[in-house]
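Novice: Could you look at this predicted model? Sequence included:
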Amino acid sequence: MKRKKNPYRQEMLDLMTAWRKVLPEAFITYTRFGRGSRNFQTPLRGDKALDLNEPCACTKKSRIVTLISLEEQWQEDVQFCPCSSEPIRLIERGFMPVTMAFPETAISFRLLSFFHSIWQHVPIAVQGFADGLFAWQSQLSGVVRAKGSHKARNGGPLIRQAMQFYRELLLRERKVIDKAVNRSLRDIVAGQCPCCFGPRKEQDLPAGTADFVIACDGNFEHSRPIAAAQNDFPKNHPDLFLKTNQLDKARLAVLANGGNSTKVKFDDSACSDHWKAKDGGVSDNAFKDKVDTGLFGMVCRHEIGLKLINLVKTGEKLYNPLALVLWILQDVDKEGRLALLYDIGCNFDAHIKKRNLLVEERDQNRLLIGVSVFHAYAHNWLCQMRYNPRLIAGFGFSDGENSERF
């Protein structure tokens with residue numbers, strides 16, 4: 001059976017291929033413009049506008065391009081030169097093109113930086129932001145109308161596409177800085193939560209208190225139907241998500257130590273081995289017609305998401321929390337003490353002991369395991385006495401419900 005052609009998917013593949021070709025030069029030009037414009041503060045048109053284009057003897061061609069800044073938008077006859085590609089020419093003037101081939105619209109870096117800063121503190125829809133921006137600009141100097149229409153253009157798709165390119169530049173900039181200053185993985189994670197992973201004074205925590213208190217849990221509301229995956233094309237792997245090889249390491253460790261056949265008894269965990277979450281969290285019918293079934297995440301005590309795992313046609317598994325614990329104790333900090341709160345922490349603790357996993361970490365008392373406070377009351381009395389964080393030294397007043405709030 002031949003696969004049906006998908007024009008949109010092919011269009012996006014072509015767009016991303018073209019972007020990859022210009023990305024190295026685009027990044028250099030972007031950093032030069034950012035430095036020369038004092039972080040995008042200079043005017044974008046007029047005598048004081050910054051233009052990085054070098055004089056040359058080439059025969060230039062011009063084309064009308066719609067330029068959208070934070071304050072206004074206008075159409076301009078932009079001159080292009082064979083010396084550099086059209087996207088680079090627009091970046092030299094402080095604009096991110098929406099498309100790579102014959103760009104007709106470009107968004108200013110000042111606007112993209114403004115939206116990105118707001119989004120980091122108050123996540124809002126790009127479409128809503130674009131509608132509000134265009135409505136505001138229409139009251140000032142007007143907006144560029146759609147071709148053959150008296151209405152304004154739909155700004156959502158334009159800004160959304162430009163933001164995708166812009167965030168790749170930000171990611172590359174951050175990685176260049178990390179490499180230049182030789183930042184360790186802990187330093188990088190400290191950028192997410194300085195309180196947990198940043199520099200500390202000696203003995204600033206009470207004796208016996210864990211260095212990091214984190215909560216893990218799964219969420220099946222963040223799923224994606226198979227129909228939505230038909231338009232998939234290669235993308236960057238977000239740093240927030242655990243890498244596939246790290247997840248495979250934990251999965252193989254579980255398989256090599258009993259696999260799914262290993263069971264724990266009441267005496268091992270002081271609780272049941274029949275928790276719904278242990279076997280996926282939802283029934284197999286919930287995965288029908290879905291390619292991504294949910295997320296499994298790790299959240300610190302300050303309610304900052306540290307890592308996520310994309311669940312593909314599966315629910316919560318033993319290797320999900322194991323992979324996140326391994327990431328913290330073996331990659332981020334090989335000496336730190338971790339306190340883990342998980343809805344079925346009792347079951348997780350029993351399984352890693354029975355399978356002889358994390359032996360060194362447990363022997364060094366670097367891993368404490370408890371059951372999230374509000375979930376603990378659903379467990380039997382003996383389990384509550386053993387795994388309730390209020391009764392375990394090292395957890396403080398953390399309740400383990402961070403992931404629910406996140």
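Specialist: Received it, and whenever you're ready, just let me know what you need. Residues are numbered from 1 along each chain as shown.
Novice: Who are the packing partners of the helix or strand containing residue 13?
Specialist: If you go by DSSP states H and E, residue 13 is part of helix 7-36. Judged by 3 or more CB pairs under 8 Å, 6 or more residues apart in numbering; DSSP states H and E, the packing partners of helix 7-36 are helix 86-91, helix 109-121, helix 155-180. For glycine as for every other residue, the C-beta is placed from the backbone atoms N, C-alpha and C.
Novice: Could you pull out the buried residues of the second one?
Specialist: The neighbour-count criterion (16 or more other CB atoms under 10 Å) identifies 109-115 as the buried residues of helix 109-121.
Novice: Could you measure from the nearest residue to residue 240 once chain neighbours are set aside over to residue 222?
Specialist: In space, and not counting its chain neighbours, residue 240 is closest to residue 308: 5.5 Å by CB to CB, 6 or more residues apart in numbering. Going from residue 308 to residue 222 by CB to CB, to the nearest Å gives 9 Å.
Novice: Determine the residues that are contacts of both of these two.
Specialist: residue 295 (CB atoms under 8 Å, 6 or more residues apart in numbering).
Novice: of the buried residues of helix 109-121, closest to residue 191?
Specialist: Using CB to CB, residue 113 comes nearest to residue 191 of those, at 18.3 Å.
Novice: re the thing from before, so which of residue 308 and residue 222 has more stuff around it?
Specialist: Comparing residue 308 with residue 222 by other CB atoms under 10 Å, the one with more neighbours is residue 308, at 19 against 14.
Novice: what helix or strand does that one sit in?
Specialist: strand 305-311.
Novice: which strands and helices sit next to that strand?
Specialist: Using 3+ CB pairs under 8 Å, 6+ apart: strand 305-311 touches strand 294-300, helix 319-326.
Novice: Adding mean pLDDT and mean neighbour count, write the ones you listed out as CSV.
Specialist: Output for those, formatted as CSV (pLDDT from 0 to 100; neighbours: other CB atoms under 10 Å):
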stretch, mean pLDDT, mean neighbour count
strand 294-300, 92, 24
helix 319-326, 96, 24
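Novice: For those, give me CSV that also has distance to residue 210.
Specialist: Below are the helices and strands packed on strand 305-311 laid out as CSV (distance: least, CB to CB, whole Å):
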stretch, distance to residue 210
strand 294-300, 11
helix 319-326, 13
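Novice: Nearest approach to residue 44 belongs to which of the ones you listed?
Specialist: Comparing the helices and strands packed on strand 305-311 by CB to CB, strand 294-300 comes nearest, at 39.5 Å.
Novice: Lowest mean pLDDT among the helices and strands, pick that one out for the chain.
Specialist: None of the helices or strands of the chain scores lower by mean pLDDT, DSSP states H and E than helix 266-269, at a mean of 63.
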